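S.K.: curious how this folds, go ahead:
(chains A and B)
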Amino acid sequence: MAAVTSLGESSLDRPAERPRGMQARRRRRLNLFRYLVFTVFGLFFILPLLAMTRFSLEGRTLGTWSLTAWKQIVSYSFPDLPPLLPAIEITLELAVISCVIVLVLLVPTMVWIRLRVQWLSRIFEFLCLLPLTIPAIILVVGLAPIYNFIRHYELSALMLFWAYVILALPYAYRALSAGLNAIDVPTLSEAARSLGASWFTVITRVIVPNMWQSILNATVLTSALVLGEFTIAYLLLYTNLQVELFSISRNTPNASVIFSTSVASLMFAFALLLILSFAGRRRQRGRG
Amino acid sequence: MAVVATTEPGARPARAGRRASIPGWVGTVPFLAYVGVFLLLPTGIVIVDALKNPSGAWQFSSVTELGNPLVRTYFIGSLKLCLISSVIGAVFGAILAYAVASGNPDGVVRRLYLAASGVLAQFGGITLAFAFLTLLGPVGLLAHASWFYDFPWGIALIYAYFEIPLMVLVFMPAIDGLKVQWREASENLGASAWQYWRHVGGPLLAPAFIGSTLLLFANALSAFATIEAWESQIAYIVPQQISISLSSEVGLSNINYADVLALGMMVMVAIIMTGYALLQRRASRWLR
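M.R.: Below you'll find the model as predicted:
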């Protein structure tokens, strides 16, 4: 009797329990799969970076450790090459200029199109995303004659920003348009206008503070792009950080300064993106 | 009726006159001018110059040089490299994206992988070739891989390093769009994990997956810096050949060689990106 009731109970329990048991097993299998994937891919991504870091810390003889290469970042120069430090400076300046121009060009235009000329928005989006279809290596062929013209007036490598703004357009556009979609631009600007604000005030003091996060996003993406840009600078015969690293490596293969500078610039970009990702979270929480 | 008509313009008397005289599109002129000069003009130059000879006369036969056996080897090289690296990148990137997406949506792992993907997808370039050189090259720390300088497999491995993160970035939204309810529904109907992926998850993700693969393909097609730093003596792919013909006059002297190659690439990328856009639209039907 006892056996029968217990059997009956367990057979009643089982259908309710089984899915939960399967779920748990599936969950365990999934977690196993996840940790396996993270380990394998983590190794694939981290090993080349570790190897490069190790090379950047190589001493004078093989197998020793030294910080020489890291100190060389600010002092390195080679007889036939331009020194390294100016190349770094010019790249950072280019990043700043490109970010400013991208924002000045895109933010007011995007707000304006949303408010006044809706019918242009399709064409605008197409133009902004067009550089994805015309990559740097193609663009540079057509830019060569234009830069021949620019060189008549200004020789500085800072002139590269004209092209970099175009390369950054698609990324900046996506970031900014996500920000603008999240706020009600017409209502905000009508409210401000009816209180007597000028268009300049509307953009700088009403719209921009409301889309701060996406502006930060666009800035970081643009700087990362400029810091890593090689094709256009190299083929238009300008010297930026990447071109400089390339020429050093051609002159003295395995010069440890190229590894220390590469690691430094990578860490810089990674830190930027990580800060951005955490800043985004805090803001969202603060709002929620 | 008449009342409405008189109150409308009466609400903003100062604006009414100005709005009639200045059309709205004037506000977008700075943007259009910039894009016109630095994006549309270079594109136009490439197309027009490809159809002209170096002395400036029209010569439509230039385009037939794309069928030249020598030129064809570069295009075949490009296709090989892009096919291998985009398929590797898409498959492994999708696995990694699924592993990341199935975890905590606000967790550290996801944040770390997304930030790292953002950097690594953008930051290919010169640095990447250096990193793999220190890991697997002739002086590599992990191995002195004999196949490191083999085309296409050696370079395809390096390309995978930026293709996988790009896949994570573009494919993640599709995986996030898979609703838990669909999985629960199929489990309640007794489907195994395999059946779920075969009949529900797989078909839903297929357009996004193929579309993302196309984007990876276009990305590999236009990459130049990495392969140039990996091997700058021998040209394997079209971008390298464009670079050579831009910086020297050697080559087929009776046509604008760089422009013809660039036009060929432009057509390829345009076809791929159109396919990508169509598949994205198809994918977004379910995943929102």
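S.K.: and chain A, what are its domains?
M.R.: A:1-56, A:71-287 (automatic domain parsing).
S.K.: quick one: residue B:165 and residue B:117 touch, right?
M.R.: Yes. Between residue B:165 and residue B:117 a contact is recorded at 3.7 Å, counting by CB atoms under 8 Å. (Each C-beta comes from the backbone N, C-alpha and C, glycine too.)
S.K.: the strands in chain A, which residues?
M.R.: Assigned by DSSP state E, chain A shows no strands.
S.K.: would you map the helices across it?
M.R.: Counting by DSSP state H, chain A has helices at residues A:2-56, A:68-75, A:84-115, A:121-133, A:136-150, A:161-181, A:185-194, A:199-201, A:208-210, A:212-227, A:231-235, A:241-251, A:256-287.
S.K.: average pLDDT for the longest one?
M.R.: Across helix A:2-56, pLDDT averages out at 69.
S.K.: to the chain's geometric centre, what's the distance from the top helix by length along chain B?
M.R.: Using DSSP H to define each element, chain B has its longest helix at helix B:69-101. Distance, stretch centre to chain centre, for helix B:69-101: 11 Å (CA atoms, centre = their mean, to the nearest Å).
S.K.: is any residue of it near chain A?
M.R.: Yes. Interface with chain A: helix B:69-101 contributes B:92, B:95, B:96, B:99 (CB under 8 Å from any CB of the partner chain).
S.K.: give me the number of residues near the third one?
M.R.: Residue B:96: 26 surrounding residues under other CB atoms under 10 Å in any protein chain shown.
S.K.: that one: what's it in contact with?
M.R.: For residue B:96, the residues meeting the contact criterion (CB atoms under 8 Å, 6 or more residues apart in numbering or on different chains) are A:37, A:41, B:113, B:164, B:167, B:168.
S.K.: and those, which are buried?
M.R.: Burial by neighbour count, 16 or more other CB atoms under 10 Å in any protein chain shown: within the contacts of residue B:96 this picks out A:37, A:41, B:113, B:164, B:167, B:168.
S.K.: any idea which of the contacts of residue B:96 is closest to residue A:193?
M.R.: Among those, residue B:168 lies closest to residue A:193 (CB to CB), at 43.0 Å.
S.K.: quick check: which element contains the closest one?
M.R.: Using DSSP states H and E, residue B:168 sits in helix B:153-176.
S.K.: pull out the buried residues from that helix.
M.R.: For helix B:153-176, burial by neighbour count (16+ other CB under 10 Å) applies to B:154-175.
S.K.: which sections of the stretch 101-250 of chain B are below the confidence cut-off?
M.R.: By pLDDT under 70, the weakly predicted segments of the stretch 101-250 of chain B are B:123-124, B:249-250.
S.K.: now it against chain A: closest residue?
M.R.: Residue nearest to chain A within the stretch 101-250 of chain B (CB to the nearest CB): residue B:222, separated by 3.1 Å.
S.K.: give the burial count for the residue nearest to that residue when sequence neighbours are not counted, as a bare number.
M.R.: The shortest distance from residue B:222 to any non-neighbouring residue, by CB to CB, 6 or more residues apart in numbering or on different chains, is to residue A:135 (3.1 Å). Residues lying near residue A:135 (other CB under 10 Å) number 22.
S.K.: my read: residue A:135 touches residue B:269, true?
M.R.: Yes. Residue A:135 is within contact range of residue B:269, at 6.6 Å (criterion: CB under 8 Å).
S.K.: and the stretch 151-288 of chain A, which of its residues are near chain B?
M.R.: Residues of the stretch 151-288 of chain A lying near chain B by CB under 8 Å from any CB: A:162-163, A:165-166, A:169, A:221, A:224-225, A:227-231, A:234-235, A:242, A:245-246, A:249-250, A:254, A:258-259, A:262, A:265-266, A:269-270, A:273-274, A:276-278, A:281.
S.K.: buried subset of the residues you listed?
M.R.: Buried by 16+ other CB under 10 Å: A:162-163, A:165-166, A:169, A:221, A:224-225, A:227-231, A:234-235, A:242, A:245-246, A:249, A:258-259, A:262, A:265-266, A:269-270, A:273-274, A:276-277, out of these.
S.K.: which residue is nearest the middle of the chain?
M.R.: Reading this off chain A. Central residue check for chain A by CA atoms, centre = their mean: the C-alpha nearest the mean position is that of residue A:221, 3.2 Å away.
S.K.: hmm, no, I was thinking of chain B.
M.R.: Central residue of chain B (CA atoms, centre = their mean): residue B:219, at 3.4 Å.
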